[in-house]
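Novice: Just need the structure, nothing else, for what follows:
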Amino acid sequence: MQDESREPMLPESEVRAMVRVLAGVAQTSGGLVAQKRQLLLGIAELTASDYWMWNVFRFGESGAPIALSVVHNISETQIAALANSNYAQPDSELNEGARVICRRHQHTTLLLSDFCAQRVQDESSDKLSFGQSLFSFWPLQEAEDLFSGVGLHRGPSREPYTARDVRIVHILTGEVGWLHETGVPEEDGQQLMALPPRHMTVLSLLVDGQTPKRIAYHLSLSDHTVRGYIKDIYRHFDVTTRGDLMRRFMVGDCGG
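Specialist: Modelled structure (predicted):
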């Protein structure tokens, strides 16, 4: 994602909406794949996306991406078209653009049109029945050349994505490191853990502007317990104040 400091900060209402999405993920049962699906549903709602896909992949010797695990809501027909137009053509402009971005080994979120010519996007739209597409790439194990990629798509004739949509996807995909690691081969189960559900509930109330005393009242907890949760939350997000916490989500630096 390009220099976020030049973009206007997201309003507090957007921060609250994003935190609710993260809280929903933390409270989702059924394992990490179910949590991925829940996050994708939340992101799709916030960005008015019709289709989504989360792919853990590496680039093969030919240069084509090799999918290791996929979570998506795309039809079988669209999946077949995607395979024929992308995975079967390693030297395509789309694959080359993705390789260049991924091998920077930094979290990057951008529109398809940012790294492919409009002609490529038009061809992809025709074959897949997509309108505009938005991608977020997350490097996993640099030595293994593994990546986690989230793709959001709008249907034909829909309004294009905005900078606000790109930022929301960047922020939310940047706050779920433990989910990116799901599906990595030889996974040892030592993923970075998400905040527990109770902490996420406290976080939701905190960004709503509730004081520790009011949070304790709402959750029938002691003030001391809530303040302990808030310290844990600040430590998790590497901030020291509520203002810093809000800025993290408004600006979208993901602690970087």
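
Novice: Just say helix, strand or coil for residue 58.
Specialist: For residue 58, the secondary-structure state derived from DSSP: H, G, I helix; E, B strand; the rest coil is strand.

Novice: my guess is it contacts residue 64, does it?
Specialist: No - the pair residue 58 and residue 64 does not pass the contact test of Cβ atoms under 8 Å, sitting 10.2 Å apart. In short, each C-beta sits where N, CA and C put it, glycine included.

Novice: For residue 47, see how far away residue 167 is.
Specialist: 10 Å (Cβ to Cβ, to the nearest Å).

Novice: Between those two, point out the one with more neighbours.
Specialist: residue 167 (24 against 20; other Cβ atoms under 10 Å).

Novice: Now do the helices in the stretch 51-200 of the chain.
Specialist: Using DSSP state H, counting those that start in this stretch, the helices assigned to the stretch 51-200 of the chain run over residues 76-82, 93-102, 112-115, 118-128, 163-174, 177-180, 197-207.

Novice: what comes up buried for the longest one?
Specialist: For helix 163-174, the buried set under the neighbour-count rule, 16 or more other Cβ atoms under 10 Å, comprises 165, 166, 167, 168, 169, 170, 171, 172, 173, 174.

Novice: Find the nearest non-adjacent residue to the fourth one, please.
Specialist: Translated: residue 168. residue 46 (5.4 Å; Cβ to Cβ, 6 or more residues apart in numbering).

Novice: do the third one as well
Specialist: Of all residues not flanking residue 167 in the chain, residue 252 sits nearest, at 5.1 Å (Cβ to Cβ, 6+ apart).

Novice: Tell me how many other residues surround that neighbour.
Specialist: Neighbour number of residue 252 under other Cβ under 10 Å is 25.

Novice: that older thread, contacts for the host helix or strand of the residue nearest to residue 168, please.
Specialist: According to DSSP states H and E, residue 46 maps onto helix 32-47. Helix 32-47 is contacted from outside by 17-18, 20-22, 24-26, 28, 49-50, 52, 54, 71, 73, 134, 150, 152, 161, 165, 168-169, 172-173, 176, 178-179, 182, 191, 194, using Cβ atoms under 8 Å, 6 or more residues apart in numbering.
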